[in-house]
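1. Build me a structure from this.
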Amino acid sequence: MLVEAARLALQNRALEDALAQLELARSYDPDYARIELVRGQVLIGKLDFAAASEALRRYLKKRPSDADAKELVRLCQQVRMEDGERLLALTDVLVRQKALGSANCLIEVVAKLGQKRAQLLPLLRKRIEASWPGLGDRLQQVGVDGGLRLTLDNCRQAGI
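-> Residues are numbered from 1 along each chain as shown. Purely as a prediction, here's the structure:
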């Protein structure tokens, strides 16, 4: 239950709250592997890649077959803050894992790096698709400046 509360806090980008929930969960059940997975995801959102890698390694000791977690560890070891391509790769894995709060944190960093919106478009579509299945393709690039438009008219999934 505490781990799910941490995941909810992560989705809402309340990263410190998520870490507090995970610490409490660890005090009750230090062997619960998912605590370390979510902790790693939160730490990636906080851009603390070294600590995230450590948490994910602890998770992998208990769940060695998790390919996405292995990929996160590999990317965390290689990423640099100015490396938009690897940050995007991390974001892609986080979206697959539905760790959308951390994914959003990285998307903001990449956008600040000045990555071309064309590179962000497929990733942003995946992020939309994760929240609202079937609507990712509604995000379109418009104009010569690379602006983006998301049309949600008549979308039951988005509550509109």
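2. drop to CA atoms for contacts and neighbour counts, all remaining ones
-> Will do.
3. can you list contacts of the helix or strand that contains Arg39?
-> Arg39 belongs to helix 33-45 when elements are defined using DSSP states H and E. Residues outside helix 33-45 that contact it (Cα atoms under 8 Å, 6 or more residues apart in numbering): 3, 6-7, 10, 15, 18-19, 22, 25-26, 49, 51-56, 58-59, 62-63, 69, 76, 94, 99, 101-106.
4. Got a PyMOL select line for the buried ones in these?
-> To isolate the buried ones among the contacts of helix 33-45 in PyMOL, judged by 16 or more other Cα atoms under 10 Å, type:
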select buried, resi 3+6+7+10+15+18+19+22+25+26+49+51+52+53+54+55+56+58+59+69+76+94+99+101+102+103+104+105+106
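5. Chain neighbours aside, what residue packs nearest to the residue nearest the centre of the chain?
-> By Cα atoms, centre = their mean, the mean C-alpha position of the chain lies nearest to Ala103, the distance being 2.7 Å. Nearest residue to Ala103, sequence neighbours excluded (Cα to Cα, 6 or more residues apart in numbering): Thr91, at 4.8 Å.
6. could you dump the helix holding Arg39 to PDB, C-alpha only?
-> The C-alpha coordinates for helix 33-45 follow below in PDB (Å, rounded to 0.1, in the frame of the first residue of the first chain):
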ATOM      1  CA  ALA A  33      11.800  -5.600  -4.300                       C
ATOM      2  CA  ARG A  34       9.300  -3.100  -5.700                       C
ATOM      3  CA  ILE A  35      10.400  -0.500  -3.200                       C
ATOM      4  CA  GLU A  36      13.800  -0.300  -4.900                       C
ATOM      5  CA  LEU A  37      12.400  -0.200  -8.400                       C
ATOM      6  CA  VAL A  38      10.100   2.800  -7.500                       C
ATOM      7  CA  ARG A  39      12.900   4.400  -5.500                       C
ATOM      8  CA  GLY A  40      15.100   4.200  -8.600                       C
ATOM      9  CA  GLN A  41      12.400   5.700 -10.800                       C
ATOM     10  CA  VAL A  42      11.900   8.600  -8.300                       C
ATOM     11  CA  LEU A  43      15.700   9.200  -8.100                       C
ATOM     12  CA  ILE A  44      15.800   9.400 -11.900                       C
ATOM     13  CA  GLY A  45      13.100  12.100 -11.800                       C
END
